[in-house]
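In: missing the sequence, but the structure's below:
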């Protein structure tokens, strides 16, 4: 029987601590590094803020997300956990879930990082570039019907994300499709959350309240939007508009894969929803138009990163005979 000396050598090498570390580093994908760097930055920022109760809470929360991600990378990328059901599930939460969860922790952190806002500068930039502020201009078309229309789509943003993220992350059989989507979405949220700290603002709803003549009328969807923002929003998270960036990226991604199901049928609906969500960000007075433009630019960047970097990453992993970029759920591994 032939003996695979290379496999024997690798096994002995990997048994050593330095061999394990080298293999672990080789196995890390671009998206692993992206989220790792993102969480390290958030943790360091939280630790360096002026000591206070909110600072300590923020540091513990961000540090916990970082620790969970590092532990998961060691267990999954280091192949300590068998790639059946729980390891891929844990990995997906550590990579995508931690980034999403970090948003809810920004409510305490953003005011500590930059307590002042740049609402006036953003408003003046809108006037300088376009000669008017869309959020104020849309005040003329405020009615119960238009308010509920745009509030429906604004709230529908969460459903749009869910019906794409959950199926792709959990059920996609195409490594390229999964990698492109996940890396693009991670780029949107990692970049967006970090830029929030550099360009903090409340948006027209609060900063330009005296400029509006009409109050947005109450309605089921409008009230749901207001309750959601009040309970889970970071409040100072306007630039770039991720309500613009994420749906736009999903629309671009769906159009790229329009030759496949379900995107063949869904991409026009996705694009229609994305357009209305973008309009809702200004109609409901959450965003300046410059926020929207920044969101469109971020979506375009994320789309290009998803396509180009994924192609490079898959080629690298194939050439180096590394494991899959996203661990697969194995058949028969369900608990």
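Out: Arrived safely, thanks for sending. From a predicted model like this one, the values you see are computed outputs, not experimental measurements.
In: packing partners of the biggest helix by length in the chain?
Out: Criterion DSSP state H: the longest helix present in the chain is helix 289-319. Under the contact criterion of 3 or more C-beta pairs under 8 Å, 6 or more residues apart in numbering; DSSP states H and E, helix 289-319 touches helix 119-130, helix 175-198, helix 242-256, helix 263-283. Heads up, the C-betas are built off the backbone N, CA and C, glycines and all.
In: give the buried residues for the first one.
Out: Yep, that's helix 119-130 we're talking about. Buried residues in helix 119-130, counted by 16 or more other C-beta atoms under 10 Å: 119, 122, 123, 126.
In: isn't the third one right up against residue 132?
Out: Pointing back at residue 123 there. No. Look at residue 123 against residue 132 with C-beta atoms under 8 Å: they stay out of range, at 10.9 Å.
In: now the common contact residues for those two.
Out: Counting by C-beta atoms under 8 Å, 6 or more residues apart in numbering, residue 123 and residue 132 have no common neighbour.
In: any idea how far residue 305 is from residue 153?
Out: Here residue 305 is placed at a distance of 26 Å from residue 153 (C-beta to C-beta, to the nearest Å).
In: neighbour count: those two, which is higher?
Out: Higher neighbour count among residue 305 and residue 153: residue 153, with 25 against 19, using other C-beta atoms under 10 Å.
In: tell me the SS of the more buried one?
Out: helix (DSSP: H, G, I helix; E, B strand; the rest coil).
In: skipping its backbone neighbours, what lies nearest it in space?
Out: residue 276 (3.9 Å; C-beta to C-beta, 6 or more residues apart in numbering).
In: in the longest helix of the chain, what counts as buried?
Out: Buried residues in helix 289-319 (16+ other C-beta under 10 Å): 289-296, 298-299, 301-303, 305-307, 309-310, 313-314, 317.
In: also stretch 214-226?
Out: 216, 219, 221, 222, 225, 226.
In: can you check stretch 228-239 too?
Out: Here stretch 228-239 shows 229, 234, 235, 236, 237, 238, 239 as buried, counting by 16+ other C-beta under 10 Å.
In: how about stretch 49-57?
Out: Neighbour counts using 16+ other C-beta under 10 Å place 49, 54, 55 of stretch 49-57 among the buried residues.
In: from the chain's centre, how far out does it sit?
Out: Stretch 49-57 sits 25 Å away from the centroid of its parent chain (C-alpha atoms, centre = their mean, to the nearest Å).
In: for stretch 240-252, same thing?
Out: So, by C-alpha atoms, centre = their mean, the centroid of stretch 240-252 is 10 Å from its chain's centroid.
In: check stretch 44-59 too.
Out: Worked out by C-alpha atoms, centre = their mean, stretch 44-59 lies 23 Å from the chain centre.
In: spit out the contact partners of the residue nearest to the spatial centre of the chain.
Out: Central residue of the chain (C-alpha atoms, centre = their mean): residue 189, 2.8 Å from the mean position. Contacts for residue 189 (C-beta under 8 Å, 6+ apart) come out as 99, 100, 103, 242, 246.
In: what about the residue nearest to residue 153, distance to residue 127?
Out: Applying C-beta to C-beta to residue 276 and residue 127 gives a distance of 25 Å.
In: cool, residue 117 as well?
Out: In terms of C-beta to C-beta, residue 117 sits 17 Å off from residue 127.
In: ditto for residue 230
Out: Taking C-beta to C-beta, one finds residue 230 at 29 Å from residue 127.
In: equivalent analysis for residue 151, please.
Out: 26 Å.
In: just to revisit the earlier point, so which of the buried residues of stretch 228-239 comes closest to residue 281?
Out: Checking those against residue 281 by C-beta to C-beta gives residue 238 as the nearest, at 9.0 Å.
In: I'd guessed that closest one sits against residue 203; true?
Out: Yes. Counting by C-beta under 8 Å, residue 238 does reach residue 203; the two are 4.7 Å apart.
In: who touches both of those two?
Out: Shared contacts of residue 238 and residue 203, counting by C-beta under 8 Å, 6+ apart, come down to 286, 287, 288, 291.
In: right, I'll leave it there.
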